[in-house]
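1. The sequence isn't on hand, but the structure is:
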């Protein structure tokens, strides 16, 4: 993975080349994804219009309902075309789960089948997926329908989540008054560590 500064410069170079009309087709997709990840949907739409042969997907529409302080997430509406940005209010004792990979599926399967885990995860838990994910992905909507206990929201921008120092999946963050008291990375063999995390912030079943 490139350092953040190098990644940003690469993105800027791609945009500059695209504007000059000398960008390779593969780079058009990279520029488009960079716009989507930066939540610049207007720029993504303009890029798609300029390159009709690039087979770029139609970017979503954004309805901003964020208000007050706190990190924000994107939720897709039923039509799949509109994203709603909403502010999340974190509780004094809060669990945040970064999820979205196949190991996350293993975790949810085990949580749903384990009475103690299911009870622990039934409250004070927010499931999020990183900002580079597609908030309008039908697979995400299907996941949320099938697993309401672990319904995932797509992060609007990563820098709104200062407590999250790793977007590896799954990672469980146990916060008290906004401070990370413990963190558990991965799932296999981590059941006891996760349960201990709940106890550390006063949420043990």
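-> Arrived safely, thanks for sending. A quick note: this is a predicted structure, and the numbers were derived from the prediction, not measured.
2. how far away is residue 31 from residue 46?
-> Computed as CB to CB, to the nearest Å, the residue 31 to residue 46 distance reads 11 Å. Glycine gets a C-beta too; all of them are placed from N, C-alpha and C.
3. and these two? which has more neighbours close in?
-> The residue with more neighbours, out of residue 31 and residue 46 and counting by other CB atoms under 10 Å, is residue 31; that gives 24 against 13.
4. what helix or strand is that one on?
-> Secondary-structure assignment from DSSP states H and E places residue 31 in helix 25-37.
5. Report the rounded mean pLDDT for that helix.
-> Mean pLDDT, computed over helix 25-37, is 83.
6. Now that helix: buried residues?
-> Within helix 25-37, the residues that qualify as buried by neighbour count (16 or more other CB atoms under 10 Å) are 27, 28, 29, 30, 31, 32, 34, 35, 36, 37.
7. Return the residues in contact with the last one.
-> Contacts for residue 37 (CB atoms under 8 Å, 6 or more residues apart in numbering) come out as 131, 132.
8. so what's residue 114 closest to, chain neighbours aside?
-> Beyond its immediate neighbours in the sequence, the residue positioned closest to residue 114 (CB to CB, 6 or more residues apart in numbering) is residue 191, lying 7.6 Å away.
9. The one you found and residue 112: what is the separation?
-> When distances are taken as CB to CB, residue 191 and residue 112 turn out to be 13 Å apart.
10. Point out where the chain drops to low pLDDT.
-> Flagging of the chain using pLDDT under 70 yields the residue ranges 1-25, 80, 205.
11. residue boundaries of the helices in it?
-> Applying DSSP state H to the chain gives helices spanning 4-19, 25-37, 41-50, 102-113, 115-120, 138-146, 191-200.
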